[in-house]
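K.L.:
What shape does this take:
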Amino acid sequence: MEYVLLHFSLQWVMPQYVKEAYASWNTWRVDKSIKKVWVMIPGVIFWCLWTERNRRYFDRLSTPNHSLKARCLLMLFSWVHLTPVFSTEQFLDFVSSLVLV
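P.N.:
The predicted structure follows:
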């Protein structure tokens, strides 16, 4: 979540428990145009961390942090558009649209 918060230039003290983090995430006031995306971010992060945890435990493989962050953004794009990324330009437009007003 820290990576996402840095992208939006936000500061946040991470709660101790996941349930608290998720509940407080939904209290952020964001522009209506990105609200649908905003509420998906914690789920994407948790999903990517879960799959990475499984890769490390079961396959003995680990992903570098920068690749894991990129995977989260790609997954977010895929969830929002219900399709994988086919166009770099479309993906970059999507990422640049994720700004708070």
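K.L.:
biggest helix in the protein by residues?
P.N.:
Ranked by number of residues, the top helix in the chain under DSSP state H is helix 65-81.
K.L.:
other SSEs contacting the helix or strand following it?
P.N.:
The helix or strand immediately downstream of helix 65-81 is helix 88-96, counting by DSSP states H and E. In terms of contacts (3 or more Cβ pairs under 8 Å, 6 or more residues apart in numbering; DSSP states H and E), helix 88-96 is packed against helix 65-81. All C-beta atoms are positioned from the backbone trio N, CA, C, and that covers glycine.
K.L.:
Report the distance from the helix it packs on to the chain centre.
P.N.:
Averaging C-alpha positions (Cα atoms, centre = their mean, to the nearest Å) puts helix 65-81 6 Å from its chain's average.
K.L.:
And for stretch 17-25?
P.N.:
From the chain centre to the centre of stretch 17-25 is a distance of 15 Å (Cα atoms, centre = their mean).
K.L.:
Likewise for stretch 51-67?
P.N.:
Per Cα atoms, centre = their mean, the centroid offset for stretch 51-67 relative to its chain is 17 Å.
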